[in-house]
Every structure is written in structure tokens, then in C-alpha cells.
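[1] dropping a prediction and its sequence here:
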Amino acid sequence: MINFQQVSKTYPGGHRALEKVSFHIRPGELAFLTGHSGAGKSTLLKLISLMERPSAGKVLINGVDLSAVKSRQIPYVRRDIGIIFQNHRLLERHTIFDNVALPLVIEGTHRKQIEKRVHGALDKVGLLDKVKCHPSTLSGGEQQRVGIARAIVNSPPLLLADEPTGNLDPELSMDILRLFEDFNKHGTTVLIATHDLGLISRMRYRSLTLKEGRMSQDPLAEASL
Amino acid sequence: MSLLFKGRQSQNERAKKSFIAAGYFFILNIFRQGIHSLGEMWRTPMASMMTIAVLGLSLTLPATLYLVVKNVQQINSGFEEAAEISLFVKESMSEQETQTLVKRLALYPEVDKVTFISKQNALVEFKEVSGFGQALEYLDENPLPDVVLITPTSRHRQADSARALLEKLEKEREVDFGKLDIAWLERLNALLSLLKESVITIALLLLTSVTLIIGNTIRLSIMDKKEEIQVMKLVGATNTFIHAPFLWTGIWYGIIGGLFAFICVALMMWWLGSAVTEVAGVYQTHFDLIGLSVSEFGSLVLLATILGFVGSYLSVNRYIKEIEPDKV
């Protein structure tokens, strides 16, 4: 599903964020991406969501080479990828409903469909009673779950999460991970970037580790090749 | 349409049945966005009203100047109609010859009316009107020539065609010379065209400023919604989708600003109307101010709408491109 081939990324100014990173995440897999802050986790996610382009190497998603995607086509790529951010990035001026409905509105979905799917997504994250609230009235964990609802509302085949449990206590973090597990069981490929190693150790999933821009040995990945 | 996953369709595409239905929803969506951005403007009534007032007043000035020109032209056209040609008959001509000239002139297609004033009549009239009565008694003979007054048909009363007619009439054998008193008319026309030119210049400047005001307002609103734009780009909004509400806001500013300007002009006309009637009364004439006609009202609002669109288009094209999700 996600295939990196010798990918390097150097930012203008000479900072080398990624160096010859290669890995492959298969469809239906749930994987963690770990490493200290500054190890290149965010850059890696940005390359998948086309916020950045690699300096060298190839990124393929579902066999499609992202370097062939023109900037005009980027929106359509992003519609296939649900992204969850550490700081949730909700629209403060809009209600929870409007926030979650945004990806559907962008696609031009019909009103009735939007309502059905938004309620479905909010129900999954357990926030159906907050439909009419504004993000600022919600707790951190609730805001994060709204962000998740927005990412899954159009059932994307691929889900990326950047530190989704960053500011949450362990119990809430576990709840959120359970949510990702649940989506994964329904066939979604999930990649979660986190530095919360304690969390990962409790779950038996593959983890990719970045260290100063390089990918450490990944026994599971080697086995799959 | 999915780029990465060929089998995947959005909810919407599954529902779309025909091309016509797609077009219908496309247009419906555009208008929905229009109504939506009007609602957005309503959320910040003070800021919106102030922008609209600035635009309205900037549009009121050129509209007023336009009306000034239009009204002056109306007065002027009343004068132009009065063109009259005086032909002075050569002294050597006999009465017989003069009479045939008068008959011949009456047959000209350009001539509406011919009035003959004999030198005797002219002298009598001159004595009465000029007040030189006593002095004129001392003259041995009548110094005045026979005069034929020509009123051209309405089509030949304009300065240019009247002059052409004069030249033609002067070629008549019996005519010494002719006179068409249009110098003052030409001066008035020159002044009027100067006025028109300055109105156009001022109007152009003001319309440019309207465009810039709208562009700047939209720019501020884009900056204000920077976060929102980033999030929209992140969840896969196309540029068209992000641009639409800003373009609509510009268009609404134009429309409402145009209406505001119209109301200002109408109030001003109403206010000045009675004063103008009074002045006209003093001069013992009747004069009505002409306001904006329906089509002129339409053009004003249309022009404002176009300016609104252009202003917002410039800003949107320039600034939304710069807002990318990674530049946090």
C-alpha cells in the first residue's frame, strides 16, 4: 500500500530530514512509526500526503508513483487519505458537524448522505451528542476524536495519524488506539506516527523506527520481502 | 474519481445518474455557495457595512458626475435646435431677383422655413429695437441689406450640417454672404466635451479604487481564514472550491455597493430637485432633473458586480496560492 524506495528529503537550507528510507506497508496493515522528535516522522507523513516532495527516491501508494501526480491533482490524492493531526486542526468557527462534514462537502456529496455519514462517523468515536457544539467547548481528547471522525468520514482506504495521542493520558490514548484497531479490522491501512513507546509495546503491531532520518532494521519488513 | 484507488468512488459519484443531473447540481452548488457567503458577510455586519459604504460612496461620485453631464447635455440640445442662418442679399440685386431667390431657397430639401425681411422693414425694426431712432434719421440712405432668414429642417440643425448648408447657400448668385451664429455653440460643445473627458478620467480613477478596495478586503479575509484554507487543502479541497466563497463575497460587495450608490444618487436627486425647480422658476423656465433610467441603474449595478469580481479574483489568485498546509 505504502512503498518507499530509497527516499531522501533535504530541506532548503541543508537540513537532511530523511536519508535513503525504504519500507513497504501492505494493504490492510496497521503499523507504527516511531522515533524521537526531529527524527523525520512528520516529514515522512508529509511525503505521503504530498505536502512535501522527496529530494530523491520514489514514493508509491497503491502502486501509483506520487512523483507523477501534478499539483492540480493533489486534492484528489488527499481525498483517499484520512489524516489525523497532533493539534487536531479543527475549524474553530464551525460546529462539530460542519468540521466532520468538510471532506464530504468538498466532494460535493448530497445533503442527506452527508448527514447520514457524519452521524455515523461521530457515533463511532462516541461524540454523537456533541454535533452542534463548537470545538473550543470540547476537551482535548474529544477534539482529537472529532479529528478522527473527520478523517474517516469518507471511508478512505488509507489512514495517517501524526502523534494522535500526543497530549492525552494513557487511558484516553488506549481508547484512541482501539479506534484505529477497529478501522483496521474493517480493511483500512493505518500508519500511526508516535513517540509513545510504552503504548506500542502493549500492542503487537509492526513498528518502523526512524533515527536521524534513517530507518533502523525492520525485521518484519525483511521477512515480508 | 479516485487517483490512487481505481475502484473507489465517492458517495456523490454513485448518486450521479446523468450528465444533465450533474450540471444541474453543479449550478445549484454555485448558487448555494453564493447564498452561503452572503450569510458569512451577515455574521460580521459592521465590517461588511463599512466596506459596502466605502464602495457605495466611491461609486456615487462617478454616477453623479455622469448625471451632471447628462443634464447639461439636455440643456444644450435645447440650444442646438435654435440654429438659424441669416443670408444677406447683394445690394445690386433688384426686388424681382430677390423674390426669385426666396422662392428658390424655399425649394431646398434642407430648409424648413424661409422668412424674407426687406431692407425697409429691417430699418423700421432696427429703429424700434436699437434706440438709435433719432440718429438713423440723419442717414441719407438705408444702409441695411435685404435679409433672408433660413430655418433648417431638424436634421440639419446640428453645428456641422448647419455649416455645410451655409456654405451651400453662400454659393447662390444673389447672396453676398451668410452668417450662422454657432461660435458660442461650439464653445459650449467644447466645454461639454472637456467636462465629459474629466468625468471619464475621474470615473476611471474611482472605479480603479473600488477594485482595489474590494481586492484588499478580500485579501484581509483570506489572511483571516488562513488556518481554514490550510485545513481545507489538507482534506482535499480543490482550488476552485476554496476560491468560490471569496469570489462570491467580492461579487456581493459589488452588487450591494452598487445598490447603495443608486440609493445615494436617488436621494441626492430628490434633494436637488426642488432647488433646481426654484432656480428654473426664477428664470421663468421649466427644467426637470433627469435621474438614472432603469437601464442605467442596471449598468451601474452590473459594473459594480464586475469590479467586485475582478477585485476578488486578483486577490484570490495571488494569495490563496501562497497558503500551503506545510507552511505552518
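    Nice, I can see it.

[2] pretty sure B:Phe287 sits against B:Ile75.
    Yes - using CB atoms under 8 Å, B:Phe287 makes contact with B:Ile75 at a distance of 7.5 Å. C-beta coordinates here come from the backbone N, C-alpha and C atoms, glycine included.

[3] what's the burial count for residue 170?
    Unless you meant another one, I'm taking chain A. 12 (other CB atoms under 10 Å in any protein chain shown).

[4] look at chain B instead
    15.

[5] from B:Met93, how far off is it?
    In this view, B:Glu170 and B:Met93 are 15 Å apart by CB to CB, to the nearest Å.

[6] B:Phe287 and B:Ile75: which is more packed in?
    Ranked by neighbour count (other CB under 10 Å), B:Phe287 and B:Ile75 place B:Phe287 first, with 15 against 12.

[7] phi first, then psi, for that one.
    phi -140, psi 130 (degrees, to the nearest 10).

[8] which elements pack onto the helix or strand harbouring B:Arg32?
    Assigned by DSSP states H and E, B:Arg32 falls within helix B:19-43. The contact analysis (3 or more CB pairs under 8 Å, 6 or more residues apart in numbering or on different chains; DSSP states H and E) places helix B:19-43 against helix B:239-282.

[9] contact partners for the nearest residue to B:Ser2 once chain neighbours are set aside?
    Leaving aside its chain neighbours, B:Ser2 sits nearest to B:Arg8 (4.1 Å; criterion: CB to CB, 6 or more residues apart in numbering or on different chains). The contact partners of B:Arg8, by CB atoms under 8 Å, 6 or more residues apart in numbering or on different chains, come to A:80, A:157, B:2.

[10] near chain B, which residues of chain A?
    Residues of chain A found near chain B (CB under 8 Å from any CB of the partner chain) are A:46, A:49, A:51-52, A:61-62, A:64, A:69, A:73, A:75-80, A:83, A:89-93, A:102-104, A:106-110, A:113, A:117, A:150, A:154, A:157-158.

[11] generate a ChimeraX selection restricted to the buried subset of the residues you listed.
    To isolate the buried members of these in ChimeraX, using 16 or more other CB atoms under 10 Å in any protein chain shown:
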select /A:46,49,51,52,61,62,64,69,75,76,77,78,79,80,83,89,90,91,102,103,104,106,107,108,109,113,117,150,154,157,158
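
[12] residue of chain B nearest chain A, please.
    With CB to the nearest CB, the shortest gap between chain B and chain A falls at B:Gly236, namely 3.7 Å.

[13] is it true that that residue touches A:Gly82?
    No - counting by CB under 8 Å, B:Gly236 does not reach A:Gly82; the two are 10.0 Å apart.

[14] can you tell me, leaving aside adjacent residues, what's nearest to the spatially most central residue of chain B?
    Note on chain B: the residue nearest the mean C-alpha position is B:Tyr66, at 5.0 Å, using CA atoms, centre = their mean. The shortest distance from B:Tyr66 to any non-neighbouring residue, by CB to CB, 6+ apart, is to B:Val199 (6.4 Å).

[15] ok, longest helix in chain A?
    Taking DSSP state H as the criterion, chain A has its longest helix at helix A:170-185.

[16] buried ones in that one, by neighbour count?
    Buried residues in helix A:170-185 (16+ other CB under 10 Å): A:172-173, A:175-177, A:179-180, A:183-184.

[17] also stretch A:116-132?
    Here stretch A:116-132 shows A:117-119, A:121-122, A:124-125, A:127, A:130 as buried, counting by 16+ other CB under 10 Å.

[18] try stretch B:93-103
    For stretch B:93-103, the neighbour count (16+ other CB under 10 Å) marks B:93, B:98, B:101-102 as buried.

[19] what is the lowest-pLDDT residue among those?
    Minimum pLDDT across the buried residues of stretch B:93-103 is recorded for B:Met93, with 81.

[20] just checking, it touches B:Glu172?
    No - the pair B:Met93 / B:Glu172 is not scored as a contact, 10.6 Å apart, by CB under 8 Å.

[21] and the pLDDT at A:His36?
    84.

[22] and the one 5 residues further on, by the same measure?
    For A:Lys41, the pLDDT comes out at 88.

[23] what helix or strand does the nearest residue to A:Asp98 once chain neighbours are set aside sit in?
    Nearest residue to A:Asp98, sequence neighbours excluded (CB to CB, 6+ apart): A:Leu91, at 7.0 Å. If you go by DSSP H and E, A:Leu91 is not part of any helix or strand.

[24] on that earlier part again, export the contacts of B:Arg8 to CSV and tack on distance to A:Gly198 and pLDDT?
    Compiled in CSV, the contacts of B:Arg8 are given as follows (distance: CB to CB, whole Å; pLDDT from 0 to 100):
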residue, distance to A:Gly198, pLDDT
A:Asp80, 32, 91
A:Pro157, 30, 92
B:Ser2, 37, 72
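
[25] CSV for the residues you listed, including distance to B:Ile27 and secondary structure?
    Below are the contacts of B:Arg8 laid out as CSV (distance: CB to CB, whole Å; DSSP: H, G, I helix; E, B strand; the rest coil):
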residue, distance to B:Ile27, secondary structure
A:Asp80, 27, coil
A:Pro157, 32, coil
B:Ser2, 25, coil
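
[26] strands of chain A, residue ranges please.
    Along chain A, the stretches classed as strands by DSSP state E are A:2-10, A:16-25, A:30-34, A:56-61, A:64-65, A:81-84, A:158-162, A:189-193, A:206-211, A:214-215.

[27] and the fourth one, what does it pack against?
    This points to strand A:56-61. With contacts defined as 3+ CB pairs under 8 Å, 6+ apart, strand A:56-61 has these neighbours: strand A:2-10, strand A:16-25, helix A:41-48.

[28] and among those, the most buried is which?
    helix A:41-48 (a mean of 23; mean count of other CB atoms under 10 Å in any protein chain shown).

[29] where does the chain dip in pLDDT?
    Using chain A here. In the predicted model, chain A carries pLDDT under 70 at residues A:217-225.

[30] hmm, no, I was thinking of chain B.
    Applying pLDDT under 70 to chain B flags the ranges B:1, B:6-7, B:9-18, B:76-83, B:133, B:326-328.

[31] quick one: buried residues of stretch B:235-246?
    So stretch B:235-246, judged by 16+ other CB under 10 Å, has buried residues B:235-239, B:241-246.

[32] what's the closest of these to B:Ile52?
    B:Phe246 (16.3 Å; CB to CB).
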